[in-house]
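Peer 1: Test case, fold it:
(chains A and B)
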Amino acid sequence: MLNNIAIGQYFPGNSILHRLDPRVKLVLLLVYLAEVFVFSNARSYMILGATAGLLIWISGVPFRMVLRSLKPLWWIILFTFIIHLFSHPGTPLWTIGMFTMTWEGVNQGVFISLRLILLILMSSLLTFTTSPLRLTDALESLLNPLKRFGLPAHELAMMMTIALRFIPTLIEETDKIMKAQESRGADFSTGSVLSRLRNMVPVLVPLFLSAFRRADELAMAMEARGYRGGIGRTRMKVLQIGSVDYLAVFLFLLMTAALCMISWAG
Amino acid sequence: MSFIEFHDLTHCYNQGQENEYMAICGVNLSIEQGSFTVILGRNGSGKSTLAKHINGLLLPTSGVCLVDGRDTQDMDDLWAIRRQVGMVFQNPDNQLIAAVVEDDVAFGPENLGIAPQEIRSRVDEALKAVGMEKYKSFAPHLLSGGQKQRIAIAGALAMRTRCLVLDEPTAMLDPQGREEVLNTVRRLHDEQGITIVYITHFMEEAVAADRIVVMDQGRIQAEGTPREIFCEVEAMKAGGLDVPLAAELAWRLRREGMKLPGQIMTDEELVQALEAYGCPLS
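Peer 2: Have a look, this model is predicted:
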C-alpha cells in the first residue's frame, strides 16, 4: 500500500502497536512519560526500560532506526550528564582544578540521561507506529472536550491536515524556485552563513507569494465543497476503541501497579 | 425554467474604488438541465467570473443568478446550491485538501454531515466513476495533473452533484492529462446525465459541447452549436479567438478557391471532405 506521506518518520507496518487506537497510544505515552519522572529509582527504571525495549521489539521497527532518533539530541544528553557529574555535593571521586566529581553526581547523571533517553525513545516510537494523519485525528478527538473552553480543536486539526497535504508540494516548489534562481546565477552553497541567508531571500519571497495564492485558492475550493467549519461535519474514518486497546490499557495499568509496589512498598 | 439562469448579471470587482473593474456587464443566459455547455473566451473576458457565480462563490453586483430556481444571493439556499453544483478549478494542486486521495474525496460529503458508511460507499463510487479507484490510498502529490483533476471531479461527484462547473480544468495539464479530463467529463455527461459547464480556451475541447457561449469583455459575443460558432471563422478571429485547426484549414482552402463544404470542424470531417474533393490522403 502506497500510503506514504514523505514527512515524519512513520514506519508502515501491521504490528499490534500500529493497530492500537492513536488516542489510546497518545494518552498512554503521556502517562508513561509522567511515570518516568515520578518513579526515579533504579528498579523502576529497569521496568520502564524493559517495557520500552519490549514495545520497540513488538513494533517491528528496526532497533537501529529507533536509536537513530536519539542522534539529534545526543549532545544534550551528554551535556546534562557531564553537568550532573560535577554539580552534586557528596563523596568526592575525582578532582580537576576547582571541579569535583562526586559519587552522587554520577548517580544523578545516569538517571537524568536515562530519563531523557526513555522520553525520546518512547515519543519517537509513537511517531514510528502512527501515521501523521491518524495522529491528527487523535489530537482532534482528544482536544474536542476543550472546545467548551474556547479551544478551536477542529480548526487546529484542519490546519494540521492541510499542512501535511501541502508540505510535499511546497518542498517541490522550493526546489523549483532554487533551481530557477541558480540558473540565473544565485549561489546558495558558498559564502558565510550570513551571506547564504541573505541569498535565500530571492527564494523565500516567491515561495511566500505562491503560498498565499495557494491559500486563497484552497479556501475558495473548500468553500465550493460546502465547508463551513466543524459544525455539523461528520467523518468517513471514525476512530474506534477495540479489544486490543482495552488489553493495552490493562497491561499498562499492571506495569504501573508494579512500579508503585516497587517504589513505595519495598 | 432552466437549471441555471442569469438575468442581467453584472459583476464589478473593487466597486467604488480606484481600481474598479467591470468583469461582467449584463449577461443573460440560461443553461438547461443535462446539457453540455462550453464557455469560450480569451483572458479577461469574464468567463471565470461568470462560472464562480453559479455556486455562489461570487455574488452579482446587480442582476440575478438562479440555480434550480434558487437565488444564489439567498444565504439560506447557498448550501443547497453548493450541494448541487460541484466546481473544479484550474490549478490541480490548490483544490485537494487531504493528504490521502480517499480522504480528499470524502471532504465534501463530510461537510454535508453524512453518515460514515454512506460516505465510504459514495467515495468508492465516485472514485470508480473517474477511474481512480486504484489510487485511493495515494498521496495527491504523487499523482499526475490529470489524475489530480479527476480526483477533484470525484470530490464533487461524492456530494451527488447534479452539475459540474469546470473552470479551465486543463489549462495546466499536458496533452495526455487534458485528454483524460475531457474524456472523464464527457463520460459523466453521457452516462450520468450530469449538467456540464466547461470553461476553456482550447477550441478542440469545445467541439464536444452541445452549445458554445463565446464571451468577450464581459459580454456574450456569440452563442450556438459548435458547428455554428466555428464556421464563423472571421468573426471568431475578430474576437481574438482561434477556431479548431481543421476549421481554420478548411476556411483557408475555401478562400484559395477550393470548394469545400462550410461545416468542417474536426480532423475526420476535413479528411473526408478533401477525399471527396479528389485529394487522396492515405
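
Peer 1: rest of the way, CA atoms for contacts and neighbours
Peer 2: Fine.

Peer 1: Could you list the residues of the stretch 1-150 of chain B in contact with chain A?
Peer 2: Contact residues, the stretch 1-150 of chain B versus chain A (CA under 8 Å from any CA of the partner chain): B:55, B:57, B:79, B:82-83, B:86-89, B:93-100, B:103, B:106-108, B:110-117, B:119-120, B:137-141.

Peer 1: B:Asp267 contacts B:Ala246, doesn't it?
Peer 2: Yes. Using CA atoms under 8 Å, B:Asp267 is in contact with B:Ala246, at 5.3 Å.

Peer 1: before we move on, back to that, which of the residues of the stretch 1-150 of chain B next to chain A fall in strands?
Peer 2: Counting by DSSP state E, those place B:Gly86, B:Met87, B:Val88 in strands.

Peer 1: How about the last one: what's its closest non-neighbour residue?
Peer 2: It stands for B:Val88. Leaving out its chain neighbours, the residue that sits closest to B:Val88 by CA to CA, 6 or more residues apart in numbering or on different chains is B:Leu166, at 4.7 Å.

Peer 1: Identify the bridge partners of the one you found.
Peer 2: B:Val88, B:Tyr198 (DSSP bridges).

Peer 1: What residues does the stretch 151-282 of chain B have near chain A?
Peer 2: Residues of the stretch 151-282 of chain B that fall close to chain A, judged by CA under 8 Å from any CA: B:Ala156.

Peer 1: ranges for the strands of chain B?
Peer 2: For chain B, applying DSSP E gives strands covering B:4-13, B:21-31, B:36-40, B:62-67, B:70-71, B:85-88, B:163-167, B:195-200, B:211-216, B:219-224.

Peer 1: can you put those strands in CSV and add mean neighbour count?
Peer 2: Converted to CSV, these look like this (neighbours: other CA atoms under 10 Å in any protein chain shown):
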stretch, mean neighbour count
strand B:4-13, 20
strand B:21-31, 18
strand B:36-40, 27
strand B:62-67, 22
strand B:70-71, 18
strand B:85-88, 27
strand B:163-167, 25
strand B:195-200, 25
strand B:211-216, 22
strand B:219-224, 17
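
Peer 1: Let me know which of these is the nearest to A:Leu156.
Peer 2: Nearest to A:Leu156, of all the strands of chain B, is strand B:85-88, at 25.9 Å by CA to CA.

Peer 1: how does chain A divide into domains?
Peer 2: What automatic domain parsing lists as the domains of chain A is A:16-130+A:241-265, A:152-224.

Peer 1: Chain B: which of those is closest?
Peer 2: Proximity to chain B (CA to the nearest CA) singles out domain A:152-224 among the domains of chain A, at 4.3 Å.

Peer 1: now that closest one: how far from the chain's centre is it?
Peer 2: With CA atoms, centre = their mean, to the nearest Å as the basis, domain A:152-224 stands 23 Å off its chain's centre.

Peer 1: Would you reformat the strands of chain B as JSON lines and include mean pLDDT?
Peer 2: Compiled in JSON lines, those are given as follows (pLDDT from 0 to 100):
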{"stretch": "strand B:4-13", "mean pLDDT": "92"}
{"stretch": "strand B:21-31", "mean pLDDT": "91"}
{"stretch": "strand B:36-40", "mean pLDDT": "93"}
{"stretch": "strand B:62-67", "mean pLDDT": "92"}
{"stretch": "strand B:70-71", "mean pLDDT": "91"}
{"stretch": "strand B:85-88", "mean pLDDT": "94"}
{"stretch": "strand B:163-167", "mean pLDDT": "94"}
{"stretch": "strand B:195-200", "mean pLDDT": "94"}
{"stretch": "strand B:211-216", "mean pLDDT": "91"}
{"stretch": "strand B:219-224", "mean pLDDT": "90"}
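
Peer 1: if I look at A:Val24, how far off is B:Glu18?
Peer 2: Relative to B:Glu18, A:Val24 is positioned 58 Å away (CA to CA, to the nearest Å).

Peer 1: Please say which of these two ends up with more neighbours.
Peer 2: Applying other CA atoms under 10 Å in any protein chain shown to A:Val24 and B:Glu18 shows that A:Val24 carries more neighbours, namely 17 against 7.

Peer 1: Show the contacting residues for that one.
Peer 2: Residues in contact with A:Val24, defined by CA atoms under 8 Å, 6 or more residues apart in numbering or on different chains, are A:Asp245, A:Val249.

Peer 1: which element is it on?
Peer 2: Assigned by DSSP states H and E, A:Val24 falls within helix A:22-38.

Peer 1: which residues of chain A score low on pLDDT?
Peer 2: Within chain A, the segments meeting pLDDT under 70 span A:1-8, A:266.

Peer 1: what are the ranges of the helices in it?
Peer 2: Taking DSSP state H to define them, one finds helices in chain A at A:16-19, A:22-38, A:42-59, A:63-68, A:74-87, A:103-129, A:132-143, A:153-183, A:193-199, A:201-224, A:243-260.

Peer 1: What are the buried residues along the second one?
Peer 2: By neighbour count, with 16 or more other CA atoms under 10 Å in any protein chain shown as the criterion, the buried positions of helix A:22-38 are A:Pro22, A:Arg23, A:Val24, A:Lys25, A:Leu26, A:Leu28, A:Leu29, A:Tyr32, A:Leu33, A:Glu35, A:Val36.
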